[in-house]
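Peer 1: sequence first, then the predicted structure, then my questions.
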Amino acid sequence: MADMSRFADIQIDDAIVRRAARGDAKAYEIIYRAFATPVYSLCLRFSKVPAQAEDLTQETFIEMMRSISKFRGEAALGSWIRRIAVTKSLMFLRSAWTSRSRSFAEDWDEMTPGDALSHGISRHPDDAMDLDAALESLPVVSRTVVWLHDVEGFTHKEIAKLMGKTESFSKSQLSRAYQRLKPMLEINEDALGGAELRSC
């Protein structure tokens, strides 16, 4: 099951959220126990190192504790926590790239022309590929965009905001990733007939 679904399936009573917003330690614990596993799984997707994923998980819940008083329930609690985890993971990746004397620009220079809509790959990655194996073949920036868009369900606009770039950047990275993945995928062409990607 995709992480997005796992977050969405977890229901926390509004009274627990209100108690957490008032600083109730027991309410924090209930929320932590409910979301710790999917948060860790998501962080591990980005960091690839269990110890770092554990640190990112802790950072996510520390941020949750600091910010939950501002949570207004406009989105599901799971969606809000998922966004914090993604943000923390992206901050980690930026730091890791910088420490290796790399930058986003070094990976972004290799843009693939054209919109991802033209590539005819299913919008459901699990229908078309062994996701883990396929994503491992991609550069980290492209892999991150594919994961956020196709698995976590973020729009190009949201990805652009998270990464501090433009929607065209997100679409170009997705297009580039699909071009690299396509030769690896054993997909029945008939099954792809008429398949379209989300353009949002």
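Peer 2: Cool, got the structure.
Peer 1: where does the protein dip in pLDDT?
Peer 2: Across the chain, the ranges flagged by pLDDT under 70 are 1-5, 96-134, 184-200.
Peer 1: quick one, helices of it?
Peer 2: Secondary structure of the chain, counting by DSSP state H: helices at 3-9, 14-21, 25-47, 50-67, 77-99, 104-108, 125-128, 131-136, 140-146, 156-163, 167-181, 189-192.
Peer 1: tell me the phi and psi of residue 24?
Peer 2: phi -70, psi 120 (degrees, to the nearest 10).
Peer 1: burial measure for it, as a count.
Peer 2: 13 (other Cβ atoms under 10 Å). The way it works is simple: take the backbone N, C-alpha and C, and place the C-beta from them, glycine included.
Peer 1: what of residue 74?
Peer 2: Residue 74, neighbours per other Cβ under 10 Å, totals 7.
Peer 1: if we can go back for a sec, now the helices of the chain in TSV, with mean neighbour count?
Peer 2: What follows is the helices of the chain, written out as TSV (neighbours: other Cβ atoms under 10 Å):
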stretch	mean neighbour count
helix 3-9	17
helix 14-21	16
helix 25-47	19
helix 50-67	17
helix 77-99	19
helix 104-108	15
helix 125-128	16
helix 131-136	14
helix 140-146	23
helix 156-163	18
helix 167-181	21
helix 189-192	10
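Peer 1: domain map for the protein?
Peer 2: For the chain, automatic domain parsing gives the domain ranges 3-99, 104-192.
Peer 1: which residue comes closest to residue 79 once chain neighbours are left out?
Peer 2: residue 7 (6.5 Å; Cβ to Cβ, 6 or more residues apart in numbering).
Peer 1: list the residues that contact that neighbour.
Peer 2: 35, 38, 76, 78-79, 81-82 (Cβ atoms under 8 Å, 6 or more residues apart in numbering).
Peer 1: show me the two of those residues that sit farthest apart.
Peer 2: 38 and 76 (12.7 Å; Cβ to Cβ).
Peer 1: thinking again about what came up before, so which of the contacts of residue 7 is the closest to residue 176?
Peer 2: For these, the nearest to residue 176 is residue 82 (25.1 Å; Cβ to Cβ).
Peer 1: quick one, phi/psi of residue 12?
Peer 2: Per degrees, to the nearest 10, the backbone of residue 12 is at phi -120, psi 130.
Peer 1: that one: neighbouring residues, count only.
Peer 2: 17.
Peer 1: that one against residue 34, yeah?
Peer 2: Yes: Residue 12 lies in contact with residue 34 (Cβ atoms under 8 Å); the separation is 6.0 Å.
Peer 1: shouldn't residue 180 be in contact with residue 135?
Peer 2: No: Residue 180 is beyond contact range of residue 135, at 10.5 Å (criterion: Cβ under 8 Å).
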